[in-house]
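Asks: structure for the following, please:
(2 chains)
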Amino acid sequence: MSNEAGPVRKTLDASQQAIKKTIEVVPRKVNEAIPKPHFPEAVGYAFLGAYLILMFATALVWVRKRIYPERDYSELKLRIKTWWIIVVLTTFALGFNTYFSIFCLAFLSFLAFKEYLSLVPTRRADHRVLLWAYLAIPIQYLLVGAEWYGVFIIFIPVYWFLFMPMRMVLVGETKGFLAAVGTLQWGLMTCVFSLSHMAYLLVLPATGNPNGGGVALLFYLVFLTQFNDVAQYVWGKRFGRVKVTPSVSPNKTIEGLVGGVMTTTLLALAMAPWLTPMGHVQALAVGVLIGFGGFIGDVTISAIKRDLGLKDSGSLLPGHGGILDRIDSLTFTAPVFFHVIYFLYY
Amino acid sequence: MHQALDAVNEFLRPWLRRAFAVCVAWPICLVVLGMNIRHRTRLPLKGPAIVTPNHNSHLDTAAMLTIFPISVIPKVRPVAAADYFLTSGLMAWFSLNFVGIIPIMRKRPRVEGGLTGVDADPLQGCYDALERGEILIIFPEGTRGEPERMQELKSGVAVLASKFPQVPVVPIFMHGLGKAMPKGSFIPVPFFVDVNIGTPMRWESDSAGGDKKAFMAELGSRMKILSEKYERPDYD
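Replies: Okay, the predicted model is just below:
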């Protein structure tokens, strides 16, 4: 950098360096290969933990049903049963190799985007345009597989954002144009762009911690996000009094939110040394980010459902609702977590 | 020779029909699209029976072949227009052997060689099928028409029901297939579709004492009720 670039740029650089130093960042390593093995031992133990939690939940419901036979646990049972299916499918999706995992995440994006388009109003004139919108999914995930970060990060927010309205203009229908192009881009951003950050975690090499790249980071993010959902629900159910967003999601309370974020943060702290390159300070910050981010993602999808007068986004996951009801939090936590990690370590 | 071929065909047809359901209908309806099926237990699994879904798309038949279990698929027979599906040889072969359609003439045909020109009953194929204990799929709107708009029902179902008063007639409402692949388009756009199955009607109890118009009105109103949950806003 030349001296003419000015003192401002220099101070910025210096302060960035300072930030990185104070939070004990491991030095950046460039051009490292995808970590082998794809599925480190630590992730195996982490999955074991997830199965143990599920077994515990299943046993707990069984015992409570024995104690209070008059209470209705069918909804809870259905939920846990669906959790089992989700966890088994996730094990399968992540257990083989990176490219298969990326393919599975692309399919998840497809399901989410399809559910989104089935909920929101679309125009009949846009029949072909919607096919083009779907095309963004394979392209985005191919960019992940190719590890082409520069294009991955701008493909949907820039190129598809420009291409979609052009394609709609070619159709020539102007009635409802803004609403149609707006809803389409929002769907692509949440269901494809945001979620694809999960897949990009898979191609990040391990730095600092031999276990701490790829699938380990993905597990860390997804587990904490889903755990946070459950924790907020349980805290809210047990201690909830003051509503946070009465007009959007009347079941969400301050107590649930704070309790959930605290629990998630503690767990984030505990899991970080096993699965990530993060130290305590970063893990603490990431825990809080995932806790609040998950909440915001959740209520954002709730707001959409409320706008459209729906209770659930679909019925793919019995006891949970649709696929969007389950991954709403991830649409926010995935990009946030990814960029924190990417900024600090890559 | 012909008889031998027919025998082979008879033997193969159930397997071709199952293969079509598994290799074509399922991937389209369960992977490309996606189905939310309500009240699946109301579906008749034993013939004779008639199911009457609304009609918006060629995909409707695929959807029907997906909601029935694979074991009964050979007995499930979509009733379809002969003047559309039997015009070309390849289409006819495919429709008859893989989809298993029962072709009917939408315009009354003259009996060939009939000296007096007596009209043949266009529904004869349906009578035979019901007597064999098969499950008929009849789209009472007759044609696909405007996407996602119900049209007036044709009376053929009432004619069948009056001849077979004990046979259950099950109304079905499907939402989203016309959005996924409307008339005139041939690539399905992925959407989740809803299939809502109604309770069975019977000629004896639902025809107001043998009135075909009353029976069709009842069927129409039941399909309307089934559709009410799925009224969604659209930009046009």
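Asks: quick one: B:Ile50 is in a helix?
Replies: No: counting by DSSP: H, G, I helix; E, B strand; the rest coil, B:Ile50 is not part of a helix but strand.
Asks: list the residues that contact residue 64.
Replies: Using chain A here. Applying Cβ atoms under 8 Å, 6 or more residues apart in numbering or on different chains to A:Arg64 gives the contacts A:71, A:73. For glycine as for every other residue, the C-beta is placed from the backbone atoms N, C-alpha and C.
Asks: that answer is for a different chain, and I need it for chain B
Replies: B:51, B:53, B:76, B:78, B:137.
Asks: among these, which two are most distant?
Replies: B:Pro53 and B:Val76 (12.0 Å; Cβ to Cβ).
Asks: what residues are shared contacts of these two?
Replies: Common neighbours of B:Pro53 and B:Val76, counting by Cβ under 8 Å, 6+ apart, are B:64, B:137.
Asks: ok, now how distant is B:Ile73 from A:Thr333?
Replies: Distance of B:Ile73 to A:Thr333, given as Cβ to Cβ, to the nearest Å: 44 Å.
Asks: please say which of those two ends up with more neighbours.
Replies: A:Thr333 (29 against 21; other Cβ atoms under 10 Å in any protein chain shown).
Asks: quick check: mean pLDDT of the helix or strand where the more buried one lies?
Replies: Counting by DSSP states H and E, the element that carries A:Thr333 is helix A:330-345. For helix A:330-345, mean pLDDT is 94.
Asks: elements contacting that helix?
Replies: helix A:195-202, helix A:215-239, helix A:280-308 (3 or more Cβ pairs under 8 Å, 6 or more residues apart in numbering or on different chains; DSSP states H and E).
Asks: need the winner for burial among those helices.
Replies: Most buried of the helices and strands packed on helix A:330-345 by mean neighbour count (mean count of other Cβ atoms under 10 Å in any protein chain shown) is helix A:195-202; its value is a mean of 26.
Asks: in the stretch 1-150 of chain A, where is pLDDT below threshold?
Replies: Counting by pLDDT under 70, the ranges of the stretch 1-150 of chain A that qualify are A:1-37.
Asks: for it, which residues are neighbours of chain B?
Replies: A:110-111, A:114-115, A:117-119, A:121-125, A:127, A:130-131, A:134 (Cβ under 8 Å from any Cβ of the partner chain).
Asks: which PyMOL command selects the buried ones in these?
Replies: A single PyMOL command is used to select the members of the residues of the stretch 1-150 of chain A next to chain B judged buried by 16 or more other Cβ atoms under 10 Å in any protein chain shown:
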select buried, chain A and resi 110+111+114+115+117+118+119+122+123+125+127+130+134
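Asks: now for the residues of the stretch 1-150 of chain A next to chain B: which two are most distant?
Replies: A:Leu111 and A:Ala125 (25.3 Å).
Asks: look up the closest residue to B:Val32, ignoring the ones flanking it.
Replies: B:Pro190 (5.3 Å; Cβ to Cβ, 6 or more residues apart in numbering or on different chains).
Asks: my read is that that neighbour contacts B:Cys29, right?
Replies: No: checked against Cβ atoms under 8 Å, the pair B:Pro190 and B:Cys29 is beyond contact range at 10.9 Å.
Asks: next up, the contacts around the residue nearest to B:Val32.
Replies: A:110, A:114, A:117, A:134, B:32-34, B:180.
Asks: show me where pLDDT drops low in chain B?
Replies: For chain B, the ranges with pLDDT under 70 are B:1-2, B:107-120, B:145, B:147-148, B:231-236.
Asks: ok, the residue nearest to the spatial centre of it - contacts?
Replies: Central residue of chain B (Cα atoms, centre = their mean): B:Ile137, 2.6 Å from the mean position. Each residue near B:Ile137 by Cβ under 8 Å, 6+ apart is listed here: B:51-53, B:61, B:64, B:76-79.
Asks: tell me which element B:Phe173 is part of?
Replies: B:Phe173 belongs to strand B:169-175, assigned by DSSP H and E.
Asks: send over that strand as CSV, restricted to the C-alpha atoms.
Replies: In CSV, the C-alpha atoms belonging to strand B:169-175 read as follows (Å, rounded to 0.1, in the frame of the first residue of the first chain):
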residue,chain,number,x,y,z
VAL,B,169,-68.5,-41.4,-5.4
VAL,B,170,-65.5,-39.7,-3.7
PRO,B,171,-65.0,-36.0,-4.4
ILE,B,172,-61.4,-34.7,-4.4
PHE,B,173,-60.1,-31.2,-4.5
MET,B,174,-56.6,-30.5,-5.7
HIS,B,175,-54.9,-27.2,-5.5
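Asks: show me where the chain has helices.
Replies: Unless you meant another one, I'm taking chain A. A:6-22, A:41-67, A:74-94, A:98-119, A:127-145, A:149-152, A:161-171, A:177-187, A:195-202, A:215-239, A:254-275, A:280-308, A:323-327, A:330-345 (DSSP state H).
Asks: hmm, I had chain B in mind actually
Replies: B:2-20, B:26, B:59-67, B:82-85, B:89-94, B:124-131, B:156-163, B:177-180, B:203-206, B:212-227.
Asks: run through who's touching stretch A:142-162.
Replies: A:99, A:102, A:133, A:136, A:139-140, A:185, A:188-189, A:192-193, A:196, A:199-200, A:202-203.
Asks: pull out the buried positions in stretch A:142-154.
Replies: A:143-145, A:152-153.
Asks: spatially nearest residue to B:Gly34 (excluding sequence neighbours)?
Replies: Leaving aside its chain neighbours, B:Gly34 sits nearest to B:Phe192 (4.4 Å; criterion: Cβ to Cβ, 6+ apart).
Asks: ok, A:Thr300 to chain B distance?
Replies: The gap separating A:Thr300 from chain B is 19 Å, by Cβ to the nearest Cβ, to the nearest Å.
Asks: then A:Gly287?
Replies: A:Gly287 is 35 Å from chain B, by Cβ to the nearest Cβ.
Asks: and the pLDDT at that residue?
Replies: pLDDT, A:Gly287: 96.
Asks: that one against A:Met271, yeah?
Replies: No: applying Cβ under 8 Å as the test, A:Gly287 and A:Met271 come out as separate, 9.3 Å apart.
Asks: up against chain B, what does the stretch 201-346 of chain A have?
Replies: A:308, A:314-316.
Asks: for PyMOL, write a command that selects the buried ones of those.
Replies: Entered in PyMOL, the line below selects the buried ones among those, by 16+ other Cβ under 10 Å:
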select buried, chain A and resi 314+315+316
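Asks: can you flag the buried ones in the contacts of stretch A:142-162?
Replies: A:102, A:133, A:136, A:140, A:185, A:188-189, A:192-193, A:196, A:199-200, A:202-203.
Asks: which single one of these is nearest to B:Asp128?
Replies: Nearest to B:Asp128, judged by Cβ to Cβ, of the buried ones among the contacts of stretch A:142-162 is A:Ala133 at 47.0 Å.
Asks: tell me the contacts of the closest one?
Replies: A:113, A:117, A:160, A:164, A:184, A:187-188.
Asks: most neighbours of all those, which one?
Replies: A:Leu184 (28 neighbours).
Asks: against A:Phe113, how distant is that one?
Replies: Taking Cβ to Cβ, one finds A:Leu184 at 10 Å from A:Phe113.
Asks: likewise for B:Ala82?
Replies: 40 Å.
Asks: burial count for whatever residue of the stretch 51-200 of chain A ends up closest to chain B?
Replies: Nearest to chain B, among the residues of the stretch 51-200 of chain A, is A:Gly176, at 3.5 Å (Cβ to the nearest Cβ). A:Gly176 has 17 neighbours, counted by other Cβ under 10 Å.
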